[in-house]
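A.B. asks: Just to be clear, the model below is a prediction. Sequence and coordinates:
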Amino acid sequence: MVPEVKEIVDLSHPMYSNMPNIGGQVTFFQLDDHAYLSEITDGRMAMESRMILMPEHCGTHIDAPRHSAADGIPLDRVPLEQLVLPGHLLDLTHKRNGEAIAIDDFRAAAERSGRAIGPGAATVCWTGSDRDWGKEGFATDRPFVPTETAHWLVDRGVALFCTDMIGMDDPAEWWWPTHAAFNGRGVCMVQQLRNLDRLVGKDFLFVCLPLSMKDGTGCPVRATALVF
């Protein structure tokens, strides 16, 4: 029997023109307009649509292995089984901006959660960074996941790494080795989540469905938690 969904939590930031982003410009511009089409068709037709110009990696988005690994699989080949998983929320909100989230931090968070870090779950790293989303300096004023921690997580079979941070790497490491540590071993990452505080103490299914873009390296997503 399928368990009853008690609550649906939206984990994605809304997207809009000139939104805060480090991956490139996000722009929505008008193609069709209700008033104009109604006027030129004598009221027989009215619709609105917009063109979207944006990078693959903007807002709440997923990184496919291809993003940081030349031989990594692209977005359209990531199995859906890796994108719809039971969620495992790890409370790391005690970590301050600029601090490394060490292996022991993840061990302690897992112990507090009552579950071991391992395969078959979306590992959700909650730092509280979404409270600063869009503020000046938010791209670097955050904790970070060192490469040794990333490899430790992958060694435990983490299928999907998710976080409210805009990035995982040490801001001083411009070559993004933590991205490579996850992507290079076939693990996708979801970044810039929000509302993770609403999942404390709850069982939930993490759902992250990007567009099936051929050879894609990433995509904005409407990440969602189905709470049971």
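C.D. replies: That came in fine, so what should we check first? Computed from a predicted model, the values in this text were never measured in an experiment.
A.B. asks: I'd like to know which helix or strand in the chain has the lowest mean pLDDT.
C.D. replies: Within the chain, confidence by mean pLDDT, DSSP states H and E is lowest for helix 34-40 among all helices and strands, at a mean of 92.
A.B. asks: Paired strands for the next helix or strand after that one, with orientation please.
C.D. replies: Once helix 34-40 ends, the next helix or strand along the chain (criterion: DSSP states H and E) is strand 49-53. With DSSP bridges as the test, strand 49-53 is paired with strand 27-32 (antiparallel).
A.B. asks: Report the beta-bridge partner residues of Ser12.
C.D. replies: Here Ser12, judged by DSSP bridges, has bridge partners Leu193.
A.B. asks: Next one, pLDDT for it please.
C.D. replies: In this model, Ser12 is scored at 98, pLDDT.
A.B. asks: so how far is Asp33 from it?
C.D. replies: 27 Å (Cβ to Cβ, to the nearest Å). Bear in mind the C-beta positions are built from the backbone N, C-alpha and C, glycine included.
A.B. asks: who's more crowded, these two?
C.D. replies: Counted by other Cβ atoms under 10 Å, Ser12 and Asp33 do not tie: Ser12 has more neighbours, with 19 against 14.
A.B. asks: List the buried residues of the lengthiest strand in the chain.
C.D. replies: Secondary structure of the chain read by DSSP state E shows that its longest strand is strand 84-91. Neighbour counts over strand 84-91 (16 or more other Cβ atoms under 10 Å) mark 84-85, 87-91 as buried.
A.B. asks: CA atoms only for it, dumped as CSV, please.
C.D. replies: Provided in CSV are the C-alpha atoms of strand 84-91 (Å, rounded to 0.1, in the frame of the first residue of the first chain):
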residue,chain,number,x,y,z
VAL,A,84,13.3,10.1,-6.6
LEU,A,85,14.5,8.8,-3.3
PRO,A,86,13.7,8.6,0.4
GLY,A,87,15.2,11.7,2.0
HIS,A,88,17.7,11.7,4.8
LEU,A,89,17.9,15.2,6.4
LEU,A,90,21.2,15.9,8.2
ASP,A,91,21.2,18.9,10.5
